[in-house]
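Chemist: Attaching a predicted model along with its sequence, questions to come.
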Amino acid sequence: MLAAPPAIKGSSAIKGAPVVVRVAPSRDVRGRIVWRCEAAAGASAAAAAAATTSSPASEATTSSAARSRQRDVVRLALPSKGRMAEDTLALLKECELTVRKPNPRQYIAEISEIEGLEVWFQRASDCVRKLLSGDVDMTIVGYDMVKEYGKDDPNLLIVHDSLGFGKCHLSIAVPSYGIFERVNSIQDLIAMPQWSATNPLRIVTGYTHLGKRFFDQLDFPHVQLSTADGALEAAPAMGTADAILDLMGTADAILDLVSTGTTLKENNLKELKGADVLSSQGVFVVSRRALEERPGLLGMTKEMLERIEAHLCARDQYIVTANMRGLSEEDVAHRVLENTSFPGLQGPTISRVYSRGDDSPDGAAGIKVDYFSATVVVPRSHIYTSIRELRKAGGSGVLVTPVTYIFDEEPLRWKKLLNEIGL
């Protein structure tokens, strides 16, 4: 049996007279038990409503921020599916941050290299929403999601703005036939005479916030933005622009992410010049509020940023080492600097190469220095050029090794973050 709480005393909303409210259990639409209050005979309905206890849903909303402050773990939200999810996990793995799921069916994981960090797999849009609500403290997601759902909220701090994957742009496309056959730019589109307050330009998109801002900047009011999920490019393949209705409702154009443009062409759509709304790629975002309130978050942010920054700086970089004869380290360094185009990060590293010499009179093996090792760092596209130049300068025995990390004294983005939060 479910024991009911005692009767609640209140006061009349009209005259302030005492009333007694009976509390009875019932179930909401999800089958959960909630307590509903009914005024005793003659009592005001307003008083009963005022005394009604909160439902679980309302309590969850009002206490979200409080729970966020109380939890001990730091939470990182990652996209749960799609190419963005795959690329994010690949980047973290390359940075020696391996995401491990104790149960593949669950949406919660951990990164064992960072103690106290919990990973939540969410839809890309929910990664941003939960960052704003305080349910998570940081996320890696597309810049388009941050701008669409974050809406320039000052609580969202972009720690790293170019993670190097998920590169695309948000653009407007129209059918390449019919009334749009000669429309090639955004100015051509908005100049078409048929658009008016009663017959607006109809655009279907998943980016209504960014779309509205774009057309507001163009000072073009005759536009109607509607939402749809799925592959927006598929509709025009049915024959006319009005066939978009079959998939996403009546529309004249789409506003969607474009990577190579191949999908648009395959569906008889074309991008318009001047219609790029936003350029996007993966970004690392942290909650300003959480940085102030969550112990350990600042340190975790620095570690993740340093690992990511060091790996991205080293991407497509190679160490090229050659043995060179010379009179001294300075002599070899001079020849490398004078005869090569890629002297390294700050300059070539020159070190002695010790080899076995003639035996000494007492029978011990002698040591001699005939060669020096010259090391430079070069991009992948210039490996052979650097090898040819080192050989020309007298190098031999050339070795080529990929670079995994390049750690600077302190990342510039870290200094920028500290300045942003006043530290």
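Modeler: Structure's in. What do you need?

Chemist: those helices in the stretch 201-350 of the chain, which residues are they?
Modeler: 208-217, 245-248, 262-266, 288-293, 297-314, 329-339 (DSSP state H, counting those that start in this stretch).

Chemist: Any idea which of those gets closest to Gly395?
Modeler: When these are compared by CB to CB, helix 329-339 sits nearest Gly395, at 8.4 Å. For the C-beta atoms, the positions are set from N, CA and C on the backbone; glycine is no exception.

Chemist: contacts for that closest one?
Modeler: Contact partners of helix 329-339, identified using CB atoms under 8 Å, 6 or more residues apart in numbering, comprise 324, 326, 343, 347-348, 350-352, 372, 374, 376, 389-390, 392-394.

Chemist: Let's see that with 6 Å instead.
Modeler: For helix 329-339, the surrounding residues in contact (CB atoms under 6 Å, 6 or more residues apart in numbering) are 324, 326, 343, 348, 350, 372, 374, 393.

Chemist: next one: that helix to chain centre, how far?
Modeler: Here helix 329-339 is found 44 Å from its chain centre; the criterion is CA atoms, centre = their mean, to the nearest Å.

Chemist: from the helices of the stretch 201-350 of the chain, which stretch is densest packed?
Modeler: Stretch with highest mean neighbour count among the helices of the stretch 201-350 of the chain: helix 297-314 (a mean of 19; mean count of other CB atoms under 10 Å).

Chemist: most centrally placed residue in the chain?
Modeler: Centroid-nearest residue in the chain: Val141, 2.2 Å away (criterion: CA atoms, centre = their mean).

Chemist: Name the SS class of it, please.
Modeler: At Val141 the chain is in strand, as set by DSSP: H, G, I helix; E, B strand; the rest coil.

Chemist: Specify the beta-bridge partners of it.
Modeler: Beta-bridge pairing for Val141 (DSSP bridges): Val283.

Chemist: For Arg105, give its distance to Phe121.
Modeler: Distance from Arg105 to Phe121, counting by CB to CB, to the nearest Å: 11 Å.

Chemist: I meant Thr227, not that one.
Modeler: 24 Å.

Chemist: what stretches of the stretch 201-350 of the chain score poorly on pLDDT?
Modeler: Applying pLDDT under 70 to the stretch 201-350 of the chain flags the ranges 228-250.

Chemist: ok so, going back, between Thr227 and Phe121, which one's more packed in?
Modeler: A count of neighbours by other CB atoms under 10 Å puts Phe121 above the other of Thr227 and Phe121, at 19 against 12.

Chemist: what sits against that one?
Modeler: Residues near Phe121 by CB under 6 Å, 6+ apart: 78, 80, 107.

Chemist: How many residues are close by the residue nearest to it when sequence neighbours are not counted?
Modeler: Counting by CB to CB, 6 or more residues apart in numbering, the nearest residue to Phe121 once its immediate chain neighbours are dropped is Ser80, at 3.9 Å. For Ser80, the neighbour count with other CB under 10 Å is 15.

Chemist: if I read this right, Ile367 contacts Arg352, doesn't it?
Modeler: No. Ile367 lies out of contact with Arg352 (CB atoms under 6 Å); the separation is 10.2 Å.
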